[in-house]
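Asker: Just a sequence and a predicted model for now, questions to come.
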Amino acid sequence: PSTPRPAPSGEALRLAGLRRDFGGFQALKGLDLVIRPGEFIALLGPSGCGKTTALNCIAGLQPLSGGTISLGERRIDELPPEKRGFGMVFQSYALFPHMSARRNVGFGLDMQRVPRREADKRIDEALALVRLSAQADKLPGQMSGGQQQRVAIARAIVIRPPVVLMDEPLSNLDAKLRLEMRAEIRRIHEAIGSTTVYVTHDQDEALSMADRIVVMRDGLIRQTGTPEDLYERPEHADVAEFMGYRSKLPGRVAGTAAGRTTVEACGSRVEVQARQPVAAGQPVTLMVRPEDLVAGSSGIVATVRISEYRGRAFFGAAQAIDGTELFFRSDRPVSAGERVTLGARPDQILVFPGDEA
Ligand code: ATP
């Protein structure tokens, strides 16, 4: 049964100048972020960029080295985790193996000394929400990975937290289940109306689940925006690369005329649609997605290194004459050693100034 979404009544979660050092190493170098009540935020970035550290700081599992965290008007960074009352879901489900699903879910309510009848009602609601009512008496060892993760989610939400924090909750599930659970988690988020902060290194997960994505790198926020913003308009070459613009072509602006810019790259002339002003002679980096860089009758000359059939098309890697590695698509079979010409539509090519990448 789908529950109508309650109006987000919660308060904004604010990170200001959040810093976290481990000895001399700065894992978080000053994060500023305002998360709106009811928002689903994905913290996205490569391994080691500080996502988990940020989540743990919000949860209160780690002290800050600087900055503040507030919920509405209240500073919460001095509060211990249990006083913040946030729900947490981890990659390892962290269930008690000797307790039934029902008792695992109820554990936090026991800690809060919620009266029995009220607790039972809330446990039933939480189990129903994650569609586990029929499995309530099973032990974790008698359940599938997906079911165990649902128990962990029920346990996190049964305390009615203003904020739910999830750290790569789907990493231990197989691909098919992962896909189903994305939709499930999104549905549960909407049903309970709380704010969700979700850590992942998987772009597809972030794109499909989040209202806004925060891309991190080296302890800093690189870009914040809607999935569409990040996918279509990455502001930096490293963000673009992370969002799937795999080919990186060093080039130099040859000329601009009538809104069209021509760039000399990989021994060829490439027409692009620059979104920011560029001047003739300026060094730039062009970036393009494999699905948009297509083998055809004109474009950059390259030699195929690898090519594989992926159902509708072939995808592969090729080397341009200057050595640049290009990732392309071909609608006809191509094989290693073959010469191809690769081209993309001007509006599908991103242009970044300098050799930022
Ligand atoms: P992953 O997806 O691999 O977990 P992450 O983005 O979540 O990556 P964090 O776990 O937050 O990254 O770690 C950020 C950086 O801080 C890493 O370079 C890590 O080695 C370092 N770090 C994390 N915890 C500690 C610690 N307890 N002591 C020292 N360094 C740490």
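Answerer: Now that the structure is in, tell me what you want to look at.
Asker: contacts, neighbours, all on C-alpha from now
Answerer: Fine.
Asker: domain parsing for this structure?
Answerer: Using automatic domain parsing, the domain parsing of the chain gives 13-239, 245-353.
Asker: what's the closest of those domains to the ligand?
Answerer: Nearest to the ligand among these is domain 13-239 (3.2 Å), distances taken as Cα to the nearest ligand atom.
Asker: and that closest one, does that touch the ligand?
Answerer: Yes. Domain 13-239 reaches the ligand (Cα under 6 Å from any ligand atom) through 22, 27, 47-53.
Asker: From those, which land in strands?
Answerer: When these are checked against strands (DSSP state E), the matches are 22, 27.
Asker: Just the closest of the residues of domain 13-239 next to the ligand to residue 98, please.
Answerer: Comparing the residues of domain 13-239 next to the ligand against residue 98 with Cα to Cα places residue 52 closest, at 28.0 Å.
Asker: Which parts of the stretch 201-350 of the chain are strands?
Answerer: Here the stretch 201-350 of the chain has its strands, by DSSP state E, counting those that start in this stretch, at 212-217, 220-225, 247-257, 260-265, 268-272, 283-288, 294-296, 300-309, 314-320, 325-330, 339-343, 350-353.
Asker: Among those strands, which comes closest to residue 136?
Answerer: Nearest to residue 136, of all those, is strand 212-217, at 34.0 Å by Cα to Cα.
Asker: Run me through the strand neighbours of the closest one, direction for each.
Answerer: When pairs are called by DSSP bridges, strand 212-217 turns out to pair with strand 40-44 (parallel), strand 220-225 (antiparallel).
Asker: in the stretch 251-357 of the chain, which ranges drop under the pLDDT threshold?
Answerer: For the stretch 251-357 of the chain, applying pLDDT under 70 flags the ranges 355-357.
Asker: Could you rerun that using 50?
Answerer: Across the stretch 251-357 of the chain, the ranges flagged by pLDDT under 50 are 357.
Asker: Would you tell me which residues of it are close to the ligand?
Answerer: Applying the criterion Cα under 6 Å from any ligand atom, no portion of the stretch 251-357 of the chain neighbours the ligand.
Asker: could you redo the residues of domain 13-239 next to the ligand as TSV and give each row pLDDT and neighbour count?
Answerer: Converted to TSV, the residues of domain 13-239 next to the ligand look like this (pLDDT from 0 to 100; neighbours: other Cα atoms under 10 Å):
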residue	pLDDT	neighbour count
22	96	9
27	97	20
47	92	12
48	94	13
49	96	20
50	97	25
51	97	30
52	96	18
53	97	20
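Asker: Out of the residues of domain 13-239 next to the ligand, the closest to residue 339 would be?
Answerer: Of all the residues of domain 13-239 next to the ligand, residue 47 has the smallest distance to residue 339: 35.9 Å, by Cα to Cα.
Asker: Please name the residues that touch the closest one.
Answerer: For residue 47, the contact set (Cα atoms under 8 Å, 6 or more residues apart in numbering) comprises residue 201.
Asker: ok, now residue 27?
Answerer: 19-21, 49-50, 53, 218-219 are the contacts of residue 27 under Cα under 8 Å, 6+ apart.
Asker: swap in residue 347?
Answerer: Per Cα under 8 Å, 6+ apart, neighbours of residue 347: 272-273.
Asker: Also residue 206?
Answerer: So residue 206 contacts 42-44, 200, 213, 227 (Cα under 8 Å, 6+ apart).
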